[in-house]
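S.K.: Sequence first, predicted coordinates after that:
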Amino acid sequence: MKIELEVRAFGKVEVQGTEDAYQSTEFARVYKLPKETTIGELESLLTKLFDEVENGYSNPQQSLGKITIRAKRENGDMVYLG
C-alpha cells in the first residue's frame, strides 16, 4: 500500500512593518508498505517526521500530522491505490 505522511509546523513570527505574520514548514513522505503494517509502525514513521520538521523550525506554536491511505472499492474488494 502507498502511505502518505505529512507534518506541518506553524506559528506567528515578528516581521517589522506588519501587523501579523506567520511562518510554516511542511514535509511530506510517501512509503510503499505491506498491508500488514500496524498503526504503531505508522506512528513511529510519523514521529520521525515530526522530529525532522520541528528540528528545522524552532518553537512552532502548533504541529499537525496526517496519514493518508488511498483505496477504492472495486467489484466488492478493497483496492489500495499506489
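M.R.: It's in. Residues are numbered from 1 along each chain as shown.
S.K.: hey, let's count contacts and neighbours off CA atoms from now on
M.R.: Will do.
S.K.: CA-only coordinates of stretch 72-82, as CSV, when you get a sec.
M.R.: Taking C-alpha atoms only, stretch 72-82 is exported to CSV below (Å, rounded to 0.1, in the frame of the first residue of the first chain):
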residue,chain,number,x,y,z
LYS,A,72,-11.3,2.3,-3.6
ARG,A,73,-13.8,-0.4,-3.8
GLU,A,74,-13.8,-2.5,-7.0
ASN,A,75,-16.2,-5.4,-7.5
GLY,A,76,-16.7,-5.7,-3.8
ASP,A,77,-13.0,-5.8,-3.0
MET,A,78,-10.8,-3.1,-1.4
VAL,A,79,-8.1,-2.0,-3.9
TYR,A,80,-5.3,0.1,-2.5
LEU,A,81,-4.1,2.8,-4.8
GLY,A,82,-0.4,3.4,-5.4
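S.K.: Mean confidence (pLDDT) on it, please.
M.R.: Mean pLDDT, stretch 72-82: 89.
S.K.: So which residues make contact with it?
M.R.: 1-2, 32, 69-71 (Cα atoms under 8 Å, 6 or more residues apart in numbering).
S.K.: From the chain's centroid, how far away is that stretch?
M.R.: 24 Å (Cα atoms, centre = their mean, to the nearest Å).
S.K.: now do stretch 48-66
M.R.: The answer for stretch 48-66 is 10 Å, by Cα atoms, centre = their mean.
S.K.: Now that stretch: average pLDDT?
M.R.: Stretch 48-66 comes out at a mean pLDDT of 87.
S.K.: Residues contacting that stretch, please?
M.R.: 5-12, 25-27, 46.
S.K.: Can you flag the buried ones in those residues?
M.R.: 5-11, 26, 46 (16 or more other Cα atoms under 10 Å).
S.K.: need the contact list for Thr68.
M.R.: Contacts of Thr68 (Cα under 8 Å, 6+ apart): 3-5.
S.K.: swap the cut-off to 10 Å and go again
M.R.: Residues in contact with Thr68 (Cα atoms under 10 Å, 6 or more residues apart in numbering) are 2-6, 30.
S.K.: For the residues you listed, which two are the farthest from each other?
M.R.: Spanning the widest gap among these are Lys2 and Glu6, at 13.3 Å by Cα to Cα.
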